[in-house]
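> build me a structure from this.
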Amino acid sequence: MAALSELLCGLRPSLVMSTAIQDFLKELNTQRWDDHRFYHHSRINQTLHLISAICFLVAYVLLWTDPATAALLGWGVSMVTRQSGHFFFEPRGYDHINQVTDEYKEEIKVGYNIKRKIVLMAVWAAMPLVLWFSPSLGGLIEPATNTMGWLHDVGIAWLALAVAGLAFRVLQLTVQRSFFTAVVWLTKIITDPFHDVWLYRSAPLHLLRGEWIEPAPQGGKH
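Residues are numbered from 1 along each chain as shown. The predicted structure is shown next:
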């Protein structure tokens, strides 16, 4: 009996860890599914997300050798492409497929909803202007002396904004929901480029066939 008790005690931490991993993956899949079914109906939006994801993967590689260029690519191409899909092509208003209002989707959004994105993108757009008119940021950094130096500083500023934006939302989610939800969301955001390449790989083909909106699957669920 003692030996059996010791064996069970040894297995208990493994079982707890296994359950924790399962819960984490379940929540991650739920967040990914909600993000897709609520915010990616448009095939144009899906195609733009595919382009964005590919550029993000390139930026991930550049991040190890040239962080400024990685940030310029990530923000200047990937984020602009991605957010253009949401702002200009994704249907707004009542979601007949999921039978929810746009206001409801904005309220329950785990990540950055439209209002938060507007604030984030406004800060992003202002940073190059600030560095152009105040290259030293009031003496905080060494001022750029040419265009390439200015671009480098813009890239570093955008990289700092990315880190700050992620950290800020993680803190918000921790306070509003839970640390668990926040960590899952952070994992989702970081791994989205890999997931989006696979998920939206056929979106351009659907567009070429004239399909503008992804049809609801059988059963009424998108």
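
> among the helices and strands of this structure, which has the poorest mean pLDDT?
helix 2-39 (a mean of 78; mean pLDDT, DSSP states H and E).

> check which element follows that one along the chain.
Counting by DSSP states H and E, the next helix or strand C-terminal to helix 2-39 is helix 43-62.

> for the chain, give me the ranges with low pLDDT.
Residue ranges of the chain with pLDDT under 70: 1-17, 217-222.

> quick one: residues in contact with the host helix or strand of Ala122.
Applying DSSP H and E as the criterion places Ala122 in helix 114-133. Under the contact criterion CB atoms under 8 Å, 6 or more residues apart in numbering, helix 114-133 has outside partners 75, 79, 83, 86-87, 106, 112, 137, 144, 150, 153-154, 157-158, 161, 165, 169. Backbone N, C-alpha and C define where each C-beta goes, glycine included.

> apply the buried test to those residues and list what passes.
For those, a neighbour count by 16 or more other CB atoms under 10 Å gives the buried set as 75, 79, 83, 86, 112, 144, 150, 153-154, 157-158, 161, 165, 169.

> columns secondary structure and distance to Arg92 on top of the residues you listed, output as a markdown table?
Formatted as a markdown table, those follow (DSSP: H, G, I helix; E, B strand; the rest coil; distance: CB to CB, whole Å):
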| residue | secondary structure | distance to Arg92 |
| --- | --- | --- |
| Trp75 | helix | 24 |
| Met79 | helix | 20 |
| Gln83 | helix | 14 |
| His86 | helix | 10 |
| Tyr112 | coil | 16 |
| Ala144 | coil | 40 |
| Trp150 | helix | 37 |
| Asp153 | helix | 36 |
| Val154 | helix | 31 |
| Ala157 | helix | 31 |
| Trp158 | helix | 28 |
| Leu161 | helix | 26 |
| Gly165 | helix | 23 |
| Arg169 | helix | 22 |
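
> farthest-apart pair in those, please.
For the buried ones among the contacts of helix 114-133, with distances taken as CB to CB, the pair at the greatest spread is His86 and Ala144 (32.3 Å).

> returning to what we had before: check which residues of the helix holding Ala122 are buried.
Buried-residue list, helix 114-133, by 16+ other CB under 10 Å: 114, 116-117, 120-121, 124, 127-128, 131.
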